[in-house]
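Asker: any chance you could fold what I've pasted below:
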Amino acid sequence: EWAVTCTAGGLERLGALAPGRTALVYHGIEAARFPPPPPRPSGGVPVILSVGRAVEKKGYGDLLQALALLPNDLDWRFVHIGGGALAKDHRRRADALGLSARIDWRGAQAQEAVLAAYRKADLFVLASRIAGDGDRDGLPNVLMEAQSQGVAVLASAISAIPELIEE
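Answerer: I've put the predicted structure just below:
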């Protein structure tokens, strides 16, 4: 009878299949679960955060490679929250790149711990990509969650991410 999608790209694809019967409805986050953050303390080592499963479409291999390009004398810490099939591979890759001492692999966490991590982060990064099998993100909730906490966000310009994150 009808279809609803949460991205403009999805609207275009589904609209071609069901002309006049498809609607775009962006999803959001539950504001009560992400209240405004307290003031951020200044100073300290900058924290780069990413929240997502360790799967190909999240681009953590690319992100590790990018982190390895940062100057050695630049202070930073990377925190990853999320489980996933590639977690061990990412840890091995971080070791090979000499990054392990700067990375905190936290695994899957409860929402309260994720919220606390957003509030301590200086930058949120999601390096989404199109996986070899075509799998890709749509409009990841974690981007909206990070923004709700006043964290600067850096993300790939694929799928619907540019509908939320402007270059």
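Asker: nearest the middle, which residue of this protein would you pick?
Answerer: Centrality entry for the chain: nearest residue to the mean C-alpha point is Leu126, 3.4 Å, by Cα atoms, centre = their mean.
Asker: isn't that residue right up against Lys58?
Answerer: Yes: taking contact to mean Cβ atoms under 8 Å, the distance of 7.1 Å between Leu126 and Lys58 places them in contact. C-beta coordinates here come from the backbone N, C-alpha and C atoms, glycine included.
Asker: now the common contact residues for the two.
Answerer: Common contacts of Leu126 and Lys58, defined by Cβ atoms under 8 Å, 6 or more residues apart in numbering, comprise Ser50, Gly52, Asp137.
Asker: residues touching the last one, list them.
Answerer: The reference is to Asp137. Contact analysis of Asp137 by Cβ under 8 Å, 6+ apart lists Lys57, Lys58, Leu126, Ser128, Ile158, Ser159, Ala160, Ile161.
Asker: so which of these comes closest to Val45?
Answerer: Nearest to Val45 out of the contacts of Asp137 is Leu126 (Cβ to Cβ; 20.9 Å).
Asker: return the backbone torsion pair for the closest residue in space to that closest one that isn't next to it in sequence.
Answerer: In space, not counting the residues next to it along the chain, Leu126 is nearest to Ala155; the distance is 4.6 Å by Cβ to Cβ, 6 or more residues apart in numbering. Dihedral angles of Ala155 (phi, psi; degrees, to the nearest 10) stand at phi -150, psi 160.
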